[in-house]
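[1] Task: produce atomic coordinates for the following.
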Amino acid sequence: MPVYNPGRFIDPCIDSLLSQSLPADDVELVFVDDGSTDDTPARLDSLAAAHGNVHVIHTRNSGWPGRPRNIGIEAARGEYVQFVDNDDSLTPEALERLYAIGHRNRADVVIGKVASDFRGVPQSLFRRSREACTIHDAPLIDSLTPHKMFRRAFLRDNDLRFPEGKRRLEDQLFVVRAYFAARVVSVLADYVCYRYMRRPDRRNAGSEWFDPPQYFANLAEILDVVVANTEPGEFRERLLRRFLRVEMLNRLSEPKYPRHSAAFREKLYVAIRDLMRESIEERVDAGLGPIHRLRAQLVRRDDADPVLELARRLAAVDGRARVESLAWRRGRLECTVSASFVRDAAGTELHVVRDGERRYLDPSLKEGITTEPLDIGDEGAGLDAQVYARHPSTGAEWVAPTRGTMTTRELRGPTTVEHPGVRAIASIDPLQLITDDVGRTTTWDIRVRVSGLGIDRRVPATVDADHSAFSASGPALVGDRPRVIVPVANEDGTLGVAVDSMTVGAALRSATTRFEPTDGRTIVAHLGLPLIPDTRPIPAALVLDTGGSVVSWPAGLEAGPDDAVVVAAARDRPRLRAGRYRLSLTIGGAEAESVEIGAVSVEADGRIFPDGTRRIGRVAGAAKHARHAVSDVLGVDRRRAALEAIARQPIRVALRRAEHGLARAVRVLPSDVVERFRFLAPGRRHCGAGGSLRRRHQR
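    Modelled structure (predicted):
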């Protein structure tokens, strides 16, 4: 960690490093003080005195982090080196998880998922984890910050060091060289490892104003590295296009470009124009979106005023995303949204003009900027929408798998006008939203990235005032504790997902419990709220209030196709006198809240029947037991085949359908299925029928 006059703002970072789950003996913390003039040197020395794995190196001021990082590389003794800036932080398990995936793959570079509350994060790279990849087969070029883990021997063998002195983009130059040299890069995308947090004084490292001529002269060095390590063709153009789009054209775009002073705008424009002419061939522009293609065309023609006017007009363009429906399906929150672009505050939809098979950009955006119609090809037929959950304070984001269908509203007249849009169905994984490192009680914002035509907007997902989208959604139980997660409408009319905003007991009381018909040997209750499948069982119990005492009945809690199912097995039932009792449920252990879910009647022979349920005979009940036994073993995916196979029919029909249905569900019954049927031992007290029927029952 390079350190220069951070003051108290270094404290969260130090705390995050000292609280890592990786044992302290496996981690050394190397602080390189770059000539700090505040009390930082003394604070770091005190830290080193208190912790044996903390090392502090004091050096004269170099003015930039390159030299301190190089000193740290030379001083490091570990297998891997992780770079951290003093105003950032690591999450609790970051080093342990990053080292595990890196060591497992002998990776040269390990990249962990990043979160930020003030700067952009390359979510395309973090769509999924990658055990092993390279710059050729993964979008590594989208992540060029140095806050990654590098194998120390890899840095030494390839003589990889940061450029020293006060200069810009020294980190990008280092990382690009590392990518080309790396044989294996691992990407950890299922856990947030690194956090950029905005300092209260907004003076984060790398946030200072920059000098355009120096900045783009340093960028030219990076482009030279790309050209030197690639052959002419699509791969080189794809890498160069990233720098053209992100480092050049985006800086001439809304909303910042029109806000700059005229003097700074001129310096910025000239530096970008000159670098584009010198280092980026015009054919690279072809892969850009229509707006960026127009912007690049204007720069290459040296039309500075139209570039500014285009940015001003596009600053008024915004995205719009409305939630159509929400529903829990197969352990995920399925969210359907419709999205489009609007070109002004009044909500006027952005449109394209169709002429035969060709489509052209909304003329109002280019009027007076260029006389040439901007052909947008098939992109005018629709947009793309990506739904994601964002934590409001940490900036952590989880992109949901999204299926988008392009929509077009067509208006015919002298010219055919199309209003492009997209209808997207996203599947939000609630398990990603209950991580402890973001705090327990929180509400995640559901946002939508609307993109197309070279325009990219991130907007909140809004809900209608009547909350009609919530008709098929409600609370769900998540994780092994368990915890409650529920979609909510925020005060500003946007969609959120609240974690732990209500107790498990409150969630149960808000749902309607439904009991299955029973033969008295078991109780099966559908709780009316989903249970998100998890790897560990959730403790549950039925509680019978006898009036003078309480009897607990152990129960199993499983995720059914539509909701959580409680099954209290016959062998665990309590022995009670005949009578009627109140029935309650607890989920989550002995300290969990007990919630009344109904009443039961206990017969003289000990059988138990929930009030209002249909009573079925013991033989038919055996078929029902078979259904649950098979259902448990087969799991959710093949559960429906078993449920349909063992129908509530006369016993001969039920058993025949069970036999045929099970044959369809599984080709060979595994031994654990057979074990689950041991309670169907032969004998009249179980079957109540002759030998032939009894043998079929056993099968």
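
[2] Let's check: the centremost residue of the protein is which one?
    Geometric centre of the chain, nearest residue: residue 398, 1.9 Å, by C-alpha atoms, centre = their mean.

[3] wouldn't it be in contact with residue 430 here?
    No: using C-beta atoms under 8 Å, residue 398 is not in contact with residue 430; the gap is 10.0 Å. Where C-beta positions appear, they are placed from N, C-alpha and C, glycine not excepted.

[4] can you tell me how far residue 240 sits from residue 248?
    10 Å (C-beta to C-beta, to the nearest Å).

[5] Now the common contact residues for those two.
    Residues touching both residue 240 and residue 248 by C-beta atoms under 8 Å, 6 or more residues apart in numbering: residue 280.

[6] Which residues does the residue nearest to the centre of the chain form beta bridges with?
    Per DSSP bridges, the residues bridged to residue 398 are residue 389.

[7] residues contacting it?
    Residues near residue 398 by C-beta under 8 Å, 6+ apart: 388-389, 428-429, 432-433.

[8] Could I get the full set of helices for the stretch 101-250 of the chain?
    Assigned by DSSP state H, counting those that start in this stretch, the helices in the stretch 101-250 of the chain fall at 152-157, 170-181, 212-228, 234-243.

[9] what's the most buried one of those helices?
    Highest mean neighbour count of the helices of the stretch 101-250 of the chain: helix 170-181, a mean of 21 (counted as mean count of other C-beta atoms under 10 Å).

[10] what is the mean pLDDT for that one?
    For helix 170-181, mean pLDDT rounds to 97.

[11] tell me which residues of the helix or strand harbouring residue 359 are tucked away?
    For residue 359, the element it lies in under DSSP states H and E is strand 358-361. Applying a neighbour-count criterion of 16 or more other C-beta atoms under 10 Å, one finds 359-361 buried in strand 358-361.

[12] what do you get for stretch 68-80?
    68-73, 76, 80.

[13] Of those, just say which sits nearest to residue 158.
    Nearest to residue 158 among those: residue 73, at 12.0 Å, using C-beta to C-beta.

[14] so who does that closest one touch?
    81, 152, 155, 161.

[15] how about low-confidence regions in the stretch 251-400 of the chain?
    377-382 (pLDDT under 70).

[16] can you put the contacts of residue 398 in a markdown table and add distance to residue 366?
    Formatted as a markdown table, the contacts of residue 398 follow (distance: C-beta to C-beta, whole Å):
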| residue | distance to residue 366 |
| --- | --- |
| 388 | 31 |
| 389 | 36 |
| 428 | 38 |
| 429 | 41 |
| 432 | 41 |
| 433 | 42 |
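
[17] Please convert the buried members of those into PyMOL selection syntax.
    Only the buried entries of the contacts of residue 398 go into this PyMOL selection, using 16+ other C-beta under 10 Å:
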select buried, resi 388+389+428+432+433
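
[18] picking up where we left off before, relative to the whole chain's centre, how far out is the strand holding residue 359?
    35 Å (C-alpha atoms, centre = their mean, to the nearest Å).

[19] Skipping adjacent residues, who's closest to residue 197 in space?
    Nearest in space to residue 197, with sequence neighbours left out and distances taken as C-beta to C-beta, 6 or more residues apart in numbering, is residue 117 at 5.9 Å.

[20] List the contacts of the one you found.
    196-198, 393-395.

[21] 10 Å - rerun?
    By C-beta atoms under 10 Å, 6 or more residues apart in numbering, residue 117 lies in contact with 195-198, 390-396.

[22] All the strands of the stretch 51-200 of the chain, residue numbers only.
    Applying DSSP state E, counting those that start in this stretch to the stretch 51-200 of the chain gives strands spanning 54-59, 80-82, 88-90, 109-116, 130-133, 149-151, 185-196.

[23] can I get those strands in CSV with distance to residue 612?
    What follows is the strands of the stretch 51-200 of the chain, written out as CSV (distance: least, C-beta to C-beta, whole Å):
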stretch, distance to residue 612
strand 54-59, 66
strand 80-82, 61
strand 88-90, 55
strand 109-116, 50
strand 130-133, 54
strand 149-151, 60
strand 185-196, 45
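
[24] okay, the ones you listed in TSV with mean pLDDT next?
    Shown next, in TSV, are the strands of the stretch 51-200 of the chain (pLDDT from 0 to 100):
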stretch	mean pLDDT
strand 54-59	97
strand 80-82	98
strand 88-90	94
strand 109-116	96
strand 130-133	98
strand 149-151	98
strand 185-196	95
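
[25] Closest one to residue 453 out of the contacts of residue 117, please.
    residue 390 (23.9 Å).

[26] Wait, that closest one touches residue 445, no?
    Yes: in this structure, residue 390 is within contact of residue 445 by C-beta atoms under 10 Å, at 4.9 Å.

[27] and for the two, which residues touch both?
    397, 460, 496.

[28] got the contact list for the last one?
    Contact criterion C-beta under 10 Å, 6+ apart gives 389-390, 392, 442-446, 460-461, 463, 486-490 as the residues in contact with residue 496.

[29] Show me the shaky parts of the stretch 401-550 of the chain.
    Scanning the stretch 401-550 of the chain for pLDDT under 70 picks out the ranges 412-414, 436-440, 534-536.

[30] Helices of that one, start to end?
    In the stretch 401-550 of the chain, the helices defined using DSSP H, counting those that start in this stretch lie at 504-510.

[31] quick one: the strands in it?
    402-411, 416-428, 442-452, 455-460, 476-478, 483-489, 495-499, 514-515, 523-526, 540-545, 550-559.

[32] same for the strand holding residue 359, what does it pack against?
    On a contact count with 3 or more C-beta pairs under 10 Å, 6 or more residues apart in numbering; DSSP states H and E, strand 358-361 meets helix 290-300, strand 352-355, strand 416-428.

[33] Strand partners (parallel or antiparallel) of the last one?
    Based on DSSP bridges, the strands next to strand 416-428 in the sheet, each with its direction, are strand 332-342 (antiparallel), strand 352-355 (antiparallel), strand 402-411 (antiparallel).

[34] Quick one: closest of these to residue 57.
    strand 402-411 (47.4 Å).
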